[in-house]
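# Fold the following and give me the result.
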Amino acid sequence: MPESFFILSKDYLEIAIDEIITIAKTYDRFSKIKIISNLVIVQSKTNWEKIAKRSTFSKISGQILRKMSGLFLDEENFEVLKNAKTFVCRIINLSSKQFNIPELESSMGDMISKFSQAKVSLDNPDIVVYLIFTENENFFGFSKKINEVIRPIKVKKHPHELDWKLTRAMINLAGLQEGETVCDPFCGTGTTLLEAEAMGIHGIGLDFDEKMYQISKNNLEANGYKSKLVKDDFTGLKNIVGEFDGIVTDLPYGRASKASENPEEILKKFVAILPKKKKIAIMCKKDFEKKLKLNPMKKYEIYRHKSLTRIILIK
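Down below sits the predicted model:
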């Protein structure tokens, strides 16, 4: 079974690792995972490109070539270069060992050139060949050109809007698949809806505030997206419970859904109407999670500054 590798950003590393695992198992529940620091190796029938396109914190990804001869590849592994005109070699050192990386990359390039018709190109090569060093194992891998993921644009923003990277990760951690529908009952500027549609997931957003409703609408229209918007507060969930597969949202912590209500009152009402058997990913201010009583499968702490730490709960 093919093996993929993912070198992850060390920002929010626990979230980044769990995101790759969840995506892989969403597509193939029999996927096997190996974690070495910020390297995740996935053995799965799912192509590495499919996982990489969904992931948020993957910096480098590709397919692993397991057959090796000493330090370098067996000749038969050069099949990956069969139709490539250009390639480049890259060393990724995740070990404590010291290497002369430019010299190693040059040596690899010279050796591969002897067995392949492909030429070394440092700019936009067809294939990148990787040698990954860890403390106990070395891996060879490669990646091909893939179309760059186009980010959704926002014509209007808000200072307190949900961070797009964490939003995207929450959608993935909830296990939502293409063709399913996510609901954000506090949709604000529409971050959840934009990230969902960018991944082929339908969206429904609720917001009682006319200004936020219009911002979400403008942002969706700017991308040609078709998410459904409802001008209503979160209690409108009760009317559309059969229309979505999961909830991804950032709970209000400095603003109310109605001027007369404080965040704690909102939480009580929100928890009371949360639909059962739905995929859920919720962000909230630290200590608010104790009032939610969700019994989450996963909990992540996001430090913002000394007076604000956020919590992500996955259920």
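# going forward, measure contacts between C-alpha atoms and count neighbours the same way
Will do.
# in stretch 186-200, what counts as buried?
186-199 (16 or more other C-alpha atoms under 10 Å).
# Mean confidence (pLDDT) on that stretch, please.
Averaged across stretch 186-200, pLDDT comes to 96.
# Stretch 224-237 now?
Averaging pLDDT along stretch 224-237 yields 96.
# now what about it, what contacts it?
The contact list for stretch 224-237, computed with C-alpha atoms under 8 Å, 6 or more residues apart in numbering, reads 185-186, 193-194, 197, 202-210, 213, 217, 220, 257, 270, 273.
# Got a PyMOL select line for the buried ones in those residues?
Under the burial definition 16+ other C-alpha under 10 Å, those of the contacts of stretch 224-237 that qualify are selected in PyMOL by:
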select buried, resi 185+186+193+194+197+202+203+204+205+206+207+208+209+213+217+220+257+270
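# Let's see which of the contacts of stretch 224-237 end up in helices.
193-194, 197, 210, 213, 217, 220, 270, 273 (DSSP state H).
# Now the two most distant members of these.
Maximum pairwise distance in these, criterion C-alpha to C-alpha, is 27.1 Å, between Leu220 and Ile273.
# what's the weakest-modelled helix or strand in this protein?
strand 68-69 (a mean of 48; mean pLDDT, DSSP states H and E).
# Quick check: phi and psi on the residue of the chain most remote from its centre?
The outermost residue of the chain relative to its centre, with distances by C-alpha atoms, centre = their mean, is Lys114 at 38.5 Å. In this entry, Lys114 is assigned phi and psi values of phi -70, psi -30 (degrees, to the nearest 10).
# about what we covered before: tabulate the buried residues of stretch 186-200 (a markdown table), appending distance to Ala24.
Below are those laid out as a markdown table (distance: C-alpha to C-alpha, whole Å):
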| residue | distance to Ala24 |
| --- | --- |
| Phe186 | 29 |
| Cys187 | 27 |
| Gly188 | 30 |
| Thr189 | 29 |
| Gly190 | 26 |
| Thr191 | 24 |
| Thr192 | 21 |
| Leu193 | 22 |
| Leu194 | 22 |
| Glu195 | 19 |
| Ala196 | 17 |
| Glu197 | 19 |
| Ala198 | 18 |
| Met199 | 15 |
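# from the residues you listed, which is closest to Pro252?
Closest to Pro252 out of the buried residues of stretch 186-200 is Phe186 (7.6 Å), distances taken as C-alpha to C-alpha.
# who touches the closest one in this structure?
Residues near Phe186 by C-alpha under 8 Å, 6+ apart: 205-207, 233-234, 249-252.
# for Ala196, same thing?
Going by C-alpha under 8 Å, 6+ apart, Ala196 touches 168, 171, 182, 202-203.
# Among those, which are located in strands?
Taking DSSP state E, the ones among the contacts of Ala196 that sit in strands are 182, 202-203.
# Tell me the one among those nearest to Pro296.
Val182 (18.2 Å).
# Which parts of the stretch 201-315 of the chain are helices?
In the stretch 201-315 of the chain, the helices defined using DSSP state H, counting those that start in this stretch lie at 210-223, 237-240, 263-273, 288-292.
# most packed of those?
Highest mean neighbour count of those: helix 210-223, a mean of 18 (counted as mean count of other C-alpha atoms under 10 Å).
# show me the residues around Lys45 that make contact.
1-2, 28, 31.
# any idea how this protein splits into domains?
Using automatic domain parsing, the domains assigned to the chain come out as 3-144, 164-314.
# CA atoms only for the strand or helix carrying Arg90, dumped as CSV, please.
Arg90 is part of strand 86-93, with elements assigned from DSSP states H and E. The C-alpha atoms that make up strand 86-93 are tabulated as CSV, following Å, rounded to 0.1, in the frame of the first residue of the first chain:
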residue,chain,number,x,y,z
THR,A,86,13.3,18.2,-14.9
PHE,A,87,13.9,17.4,-11.3
VAL,A,88,15.6,18.8,-8.2
CYS,A,89,16.9,17.1,-5.0
ARG,A,90,16.1,18.3,-1.5
ILE,A,91,17.4,17.2,1.9
ILE,A,92,15.2,17.5,4.9
ASN,A,93,17.1,17.0,8.2
